[in-house]
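Visitor: here are the coordinates; sequence isn't available:
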């Protein structure tokens, strides 16, 4: 089968014959003043209005139907004459019109007339921000690159174009800033994309999963974003970005664990605010992973841990419950996951209703029926809420997934189990890399300078160096000494 | 000869601080105040400082040996004592390191069994630890260092926890100082140096440090941090317990943790012991990493397979040592051996190397 797909057609007539087996492939013979020409194209790929308006009138006007005359007269750029059958095949399949005259059956002229069929550039929906630019990528590679190039009008901004997917022939663009990005990162990324051997590439997330350092890890190791402003910002930090044709998300890397918890609008609000919000987010994530597990551990094994006053409240709420804490917790966690999944699969308006029905009705009913304690309900709901604070969608899913192993460890060995699980998590994160760079940086290896934009975000006046993590070619963003005006009191 | 270690596996000199500190602070800190107090009562803190300083000197000696030998202990032993004797010495040293790892693991298992889960079987805890250590070590030295780093950070809760017993402290109990007879100093110091023994690990990981000769100051700082921690813990223990009480308390630090009370937490030790489970993890990981690496160099075998064998050995031995008495005896024997290795073998090594160095034969070996 694969052999058949790869079968190469070596001469032009048999190529055209082969393509003609498809119903949307058009072969037209046109009579001109002197002689005839043949037009070949896919009517589903070319821009028919452009063809009517500009292409056909100009063809009709030409005096002699020779290839080189046509090449001169057609008012399109990138018109070329070729006898390369492979090239003609590719171009035809990309939406070019191929013209053949009767004086040669090996050469043909290729006119690009592809229909772009663009969607409008819209507001980012996944990474929405109140302040800041309101553009999101669309499915068209050229437009996406354009969105970034407008933001970085410098010659150092380089694009490498690659192609992956034996069936989809997806165009992939690798973006970096020459002289700033570490060429090692660029080459690693390029090599990994080139090494992809897969037939069908639908979205950048396919490529994301294929080029990650460890595909066995539940943690994403490259950040995907739908914001052109975020991409251009990370490019000028010295990172590398990948855009995929047909995908409205870009992949950026190398990245760190902490970066997954920094939203792009942290840069738009004042640094105090965004620093505190980042810390809250990290706290939320920790809470989300451990809260239910600790509840189960404490209630199952370490009831001595609970202060006397709290114990009374807890006992009261658990009095009528016929299950051990673990069953209660798993039941509630699964309910929440169910609600989330149902909400995600349904259209927005119905999804909201489901959320309300599920959250309020089922929750209250479960407590009243004596199936769960209301304290656990609070904890589980808060933990679920906390997991939604992650700005990057992908890591939120990972966080929710992580809760379950901790829950079972807590049931197994109490707090010891939770901390052993934490040990495994820690070792796992320590071993992860993103494009070969340590994933837990700046926490480990500890790099104090890189803390300026990780757990907290210091003011821009202190962000004068690019992250050490990235090993940039030019680490200085601006000269801090020069930027700092020397002045004294009342001057 | 030995392959040079690829640059991506090297760690920065600062990490030596964490490596040294993580190796020294383990299960020992939970119990050491009792031992010094047995010899010196409340002057025990002097022994803590003095033995810490002696350890600093030993660190300097170890660095001197390694700097001249320019490699790890295996190549130095081979260089100085010839292939057979050298390898035998290295083998014994590594076996000692392995038994330290085992003792740490076994002792901590006992802590868990005594304080939290009396019915939890030894093999289960050991198996989980072995699994965790395996997962860590197969990822390489960098991850082991990472575990040490987090272990040290987590061990800092000790300082916070000492705030708890403050209200029950009787500072005057420390006075007058120097009221112990001079002949008690030596045994106390000898007991106390045992709590600082982790430094021999430098012998194995030295080539994994970037510009290793610059890391001496970090090693000393790591040791200084240990001294500081021990000092605070012993002060706290001395002024919290009465002498008789202290001699009857096996793990003074744990007993002190018991009285800490937070608004949301009645019994601090139930939280602290699980945290301590991660503080002793570096001991196990680094110990197993070093021994498996050492055996690999001696016998030219695969480190991965060696590691699996060593884990099985530790697992089986932990089950064999199943009574308080045996564990205590094991602890004593391993500490004794450690004492002689540090204070007899290392100085001899140092002197032999000095002599060889003067003789010039070593110099030519190096350049040749």
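Guide: Arrived safely. Keep in mind that what you see is a predicted model, and the values were worked out from it rather than measured.

Visitor: Share the number of residues neighbouring residue A:43, please.
Guide: Burial of residue A:43 is recorded as 12 neighbouring residues (other CB atoms under 10 Å in any protein chain shown). For every residue, glycine as well, the C-beta is placed using N, CA and C.

Visitor: What's the separation between it and residue A:108?
Guide: 18 Å (CB to CB, to the nearest Å).

Visitor: Report pLDDT for residue B:363.
Guide: The model reports residue B:363 with a pLDDT of 45.

Visitor: Give me the distance from the helix ranked longest in chain A to the chain's centre.
Guide: What stands out as the longest helix in chain A, according to DSSP state H, is helix A:393-431. Remark: helix A:393-431 is offset 25 Å from the chain centroid, using CA atoms, centre = their mean, to the nearest Å.

Visitor: so for that helix, what's the average pLDDT?
Guide: Helix A:393-431 carries an average pLDDT of 93.

Visitor: pretty sure residue B:109 contacts residue B:124?
Guide: No. Taking CB atoms under 8 Å as the definition, residue B:109 is not a contact partner of residue B:124, at 9.3 Å.

Visitor: who's more crowded, the two?
Guide: Using other CB under 10 Å as the criterion, residue B:109 and residue B:124 rank with residue B:109 on top: 24 against 13.

Visitor: Now do the buried residues in the host helix or strand of that one.
Guide: Residue B:109 is part of helix B:83-115, with elements assigned from DSSP states H and E. Buried residues in helix B:83-115, counted by 16 or more other CB atoms under 10 Å in any protein chain shown: B:86-87, B:89-91, B:93-94, B:96-112, B:115.

Visitor: Against which helices or strands is that helix packed?
Guide: When contacts are defined as 3 or more CB pairs under 8 Å, 6 or more residues apart in numbering or on different chains; DSSP states H and E, helix B:83-115 packs onto helix B:73-81, helix B:122-137, helix B:269-279, helix B:281-299, helix B:303-320, helix B:324-340.

Visitor: Columns distance to residue A:90 on top of these, output as a markdown table?
Guide: Below are these laid out as a markdown table (distance: least, CB to CB, whole Å):
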| stretch | distance to residue A:90 |
| --- | --- |
| helix B:73-81 | 59 |
| helix B:122-137 | 48 |
| helix B:269-279 | 57 |
| helix B:281-299 | 53 |
| helix B:303-320 | 47 |
| helix B:324-340 | 71 |
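
Visitor: So for residue B:211, which of those helices sits nearest?
Guide: Across the helices and strands packed on helix B:83-115, residue B:211 has its closest neighbour in helix B:73-81 (18.6 Å, CB to CB).

Visitor: tilt between the closest one and helix B:281-299?
Guide: On the basis of axes from the mean of the first three to the mean of the last three CA atoms, to 10 degrees, helix B:73-81 is oriented at 40 degrees to helix B:281-299.

Visitor: list the contacts for residue B:28?
Guide: Residue B:28 is in contact with B:194-195, counting by CB atoms under 8 Å, 6 or more residues apart in numbering or on different chains.

Visitor: which phi and psi does it have?
Guide: Here is the backbone geometry of residue B:28 (degrees, to the nearest 10): phi -60, psi -40.

Visitor: And it, how far from chain A?
Guide: Using CB to the nearest CB, to the nearest Å, we find residue B:28 at a distance of 20 Å from chain A.

Visitor: ok, and the closest non-adjacent residue to the closest residue to chain B within the stretch 51-200 of chain A?
Guide: Of all residues in the stretch 51-200 of chain A, residue A:184 sits closest to chain B, at 11.2 Å by CB to the nearest CB. Excluding its sequence neighbours, the residue lying closest to residue A:184 (CB to CB, 6 or more residues apart in numbering or on different chains) is residue A:471, at 7.2 Å.

Visitor: Check the contact between the one you found and residue A:180; I expect there is one.
Guide: No. Using CB under 8 Å, residue A:471 is not in contact with residue A:180; the gap is 10.8 Å.

Visitor: Show me whatever sits in contact with both of the two.
Guide: Residues touching both residue A:471 and residue A:180 (CB under 8 Å, 6+ apart): residue A:238.

Visitor: Give the residue from the two that has the larger number of neighbours.
Guide: Using other CB under 10 Å as the criterion, residue A:471 and residue A:180 rank with residue A:180 on top: 20 against 16.

Visitor: Got the phi and psi for the more buried one?
Guide: phi -110, psi -50.

Visitor: Then residue A:171?
Guide: For residue A:171, the backbone dihedrals (degrees, to the nearest 10) come out as phi -80, psi 130.

Visitor: How about residue A:100?
Guide: According to degrees, to the nearest 10, residue A:100 has phi -120, psi 140.

Visitor: Just the pLDDT at it, thanks.
Guide: Residue A:100 is assigned 84 on the pLDDT scale.

Visitor: and what of residue A:64?
Guide: So residue A:64 comes in at 69 (pLDDT).

Visitor: need the contact list for residue B:9.
Guide: Contacts of residue B:9 (CB under 8 Å, 6+ apart): B:140-142, B:208.

Visitor: Residue A:342 too?
Guide: Counting by CB under 8 Å, 6+ apart, residue A:342 has contacts A:351, A:354, A:358.

Visitor: okay, the second one: pLDDT?
Guide: Just to be clear, that refers to residue A:354. Looking at residue A:354, its pLDDT reads 78.

Visitor: Looking at strand pairing, list the partners for the closest residue to residue A:91 other than its chain neighbours.
Guide: In space, and not counting its chain neighbours, residue A:91 is closest to residue A:110: 4.7 Å by CB to CB, 6+ apart. With DSSP bridges as the criterion, residue A:110 is bridged to residue A:80, residue A:98.

Visitor: Would you mind measuring from residue A:105 to residue A:334?
Guide: Using CB to CB, we find residue A:105 at a distance of 67 Å from residue A:334.

Visitor: out of those two, which sits in the more crowded spot?
Guide: Set residue A:105 next to residue A:334 and count neighbours by other CB under 10 Å: residue A:105 wins out with 14 against 11.

Visitor: what's the more buried one in contact with, if anything?
Guide: Residue A:105 sits next to A:12-13 when contact means CB under 8 Å, 6+ apart.

Visitor: Tell me if I am right that it is in a helix.
Guide: No. Under DSSP: H, G, I helix; E, B strand; the rest coil, residue A:105 sits outside any helix and is assigned coil.

Visitor: Give me the pLDDT for it.
Guide: Note on residue A:105: pLDDT of 72.

Visitor: What values do phi and psi take at it?
Guide: Note on residue A:105: backbone dihedrals following degrees, to the nearest 10 are phi -110, psi 10.

Visitor: next one: residue A:256
Guide: According to degrees, to the nearest 10, residue A:256 has phi -120, psi 160.

Visitor: Contacts for stretch A:117-134 next, please.
Guide: Stretch A:117-134 is contacted from outside by A:135-136, A:138-140, A:143, A:147, A:225-230, A:263-265, A:267-269, A:391-393, using CB under 8 Å, 6+ apart.

Visitor: taking the residues you listed one by one, which sit in helices?
Guide: Using DSSP H, A:143, A:147, A:228-230, A:393 are the members of these that sit in helices.
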